[in-house]
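sequence and predicted model, in that order:
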Amino acid sequence: MDRSTSLDIEALKMTQEQYILAAQPNPLHQRAPSMCGGAPAYPAVGVGIYGWRKRCLYFFILLLLVTMIVNLALTIWILKVMNFTPDNPLILQSDRNVTVNARNDQGQLTGQLTVGSEMVEAQCQRFEVRSADGERVLFSADEQEISIGTERLRVTGTEGVVFSHSVETSHIRAEPFQDLKLESPTRSLTLEAPRGVEVNAGVGDFKASCRKDLLLQSSEGEIFLDASTIRLGNIPHGSAVDPLEGAPAGTTYTKQTVYELCACANGKLYLSPAEKGSTCQTTSNFCLWS
């Protein structure tokens, strides 16, 4: 075989190898861009959801739509029941207690308001009631004191006001055409002031009564009674005769109409029949036995 024949066989083998390589798929050649500068050549692949996946997707979309409709309906129903409208007041109703809590940044309870069927209870450091403009404090209460800032405190109860301890005030006045009464049924009643106590009845009477002793005492000054008429009722009657000496023989007494006011050494008063001279006796039977 000569040289030319061997070259033709080699060329035939190379041609077969190129054909085999061209027939095999090469991803690099498929993704390579075209020589004309166009988009890369990709094989056509079908895109879509089929079978049970498609049915599940439609089911979830339908469930989400139903949930949105139910939430919208519940929101409208709550707004309707709770009266959340600009034209109506806010009403909170409950078969039991209604409690409103206030907490700080650490979650600790700082204030609480409880509205129950029998009482309203507020738990806080200070409770205030202000006027309509918010400037004046009408009522305030804390652990130290209770302050009432109104010009007038009116109590309409038939039993009045009961205080278990002392009360400090600058003015006590009854309603028009009503009586003012200060009473202590089981203990003493004390009125004290560093510069004096004034009791004034502009049109009516002033009456002080007690079951035992009524004491008027002045440590430095005097007790002054200024009136056109001063009456001392139920003063006992004493005798003008000294009980140690007795009455003289043949002494007769007429009906007595004028009496003399006498005072014993212990301060007790009694009436003695008036005569030309004083009939008051320090050893009167009233002073000795009363």
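Thanks, I have the structure now. Predicted model only: the values in this text are computed from it and were never measured.

tell me the phi and psi of G111?
phi -160, psi 150 (degrees, to the nearest 10).

quick check: it touching N104?
No: look at G111 against N104 with CB atoms under 8 Å: they stay out of range, at 9.8 Å. C-beta coordinates here come from the backbone N, C-alpha and C atoms, glycine included.

more neighbours: the two, which one.
Each of G111 and N104 has its neighbours counted (other CB atoms under 10 Å); G111 has more, 15 against 9.

gap between that one and E128?
G111 is 12 Å from E128, where distance means CB to CB, to the nearest Å.

again, but for I61
Counting by CB to CB - I61 and E128 are separated by 56 Å.

between those two, which is the more surrounded one?
Per other CB under 10 Å, whichever of I61 and E128 has more neighbours is E128, with 13 against 10.

need the next SSE after the helix or strand harbouring that one, C-terminal direction.
Using DSSP states H and E, E128 falls within strand 127-130. Next helix or strand after strand 127-130 toward the C-terminus (DSSP H and E): strand 137-141.

who touches that next one?
Outside of strand 137-141, the residues within contact range by CB atoms under 8 Å, 6 or more residues apart in numbering are 126-131, 146-150.

and which of those is nearest R96?
F127 (23.3 Å; CB to CB).

who are the contact partners of that closest one?
By CB under 8 Å, 6+ apart, F127 lies in contact with 139-142.

make it 6 Å
Applying CB atoms under 6 Å, 6 or more residues apart in numbering, we find F127 in contact with A141.

quick one, strands of the stretch 1-150 of the chain?
98-103, 109-115, 120-123, 127-130, 137-141, 146-148 (DSSP state E, counting those that start in this stretch).

out of these, which is closest to R231?
strand 146-148 (41.0 Å).

list the contacts of that closest one.
Counting by CB under 6 Å, 6+ apart, 139-140 sit against strand 146-148.

show me how far that strand is from its chain's centre.
Offset of strand 146-148 from its chain centre (CA atoms, centre = their mean, to the nearest Å): 12 Å.

would you mark the buried spots in the following helix or strand past it?
Proceeding N to C from strand 146-148, the next assigned helix or strand is strand 259-263, under DSSP H and E. For strand 259-263, burial by neighbour count (16 or more other CB atoms under 10 Å) applies to 259-260, 262.

same question for stretch 53-63.
Of the residues in stretch 53-63, none is buried (16+ other CB under 10 Å).

so how far is that stretch from its chain's centroid?
Centre-to-centre, stretch 53-63 and its host chain are 57 Å apart (CA atoms, centre = their mean).

okay, that stretch in CSV with CA atoms only?
Backbone C-alpha positions of stretch 53-63 (Å, rounded to 0.1, in the frame of the first residue of the first chain) are rendered in CSV as follows:
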residue,chain,number,x,y,z
ARG,A,53,-50.3,20.4,43.5
LYS,A,54,-52.7,22.5,41.5
ARG,A,55,-55.7,21.4,43.5
CYS,A,56,-53.9,22.1,46.9
LEU,A,57,-53.0,25.6,45.7
TYR,A,58,-56.5,26.4,44.8
PHE,A,59,-57.7,25.0,48.1
PHE,A,60,-55.3,27.2,50.1
ILE,A,61,-56.3,30.3,48.1
LEU,A,62,-60.0,29.5,48.8
LEU,A,63,-59.3,29.0,52.6
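
average pLDDT for it, rounded please.
Throughout stretch 53-63, pLDDT has a mean value of 90.

what does the domain assignment say about this protein?
51-88, 92-149, 233-245+255-290 (automatic domain parsing).

would a markdown table of those domains with distance to L216 be doable?
As requested, the domains of the chain are arranged in a markdown table below (distance: least, CB to CB, whole Å):
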| stretch | distance to L216 |
| --- | --- |
| domain 51-88 | 65 |
| domain 92-149 | 33 |
| domain 233-245+255-290 | 11 |
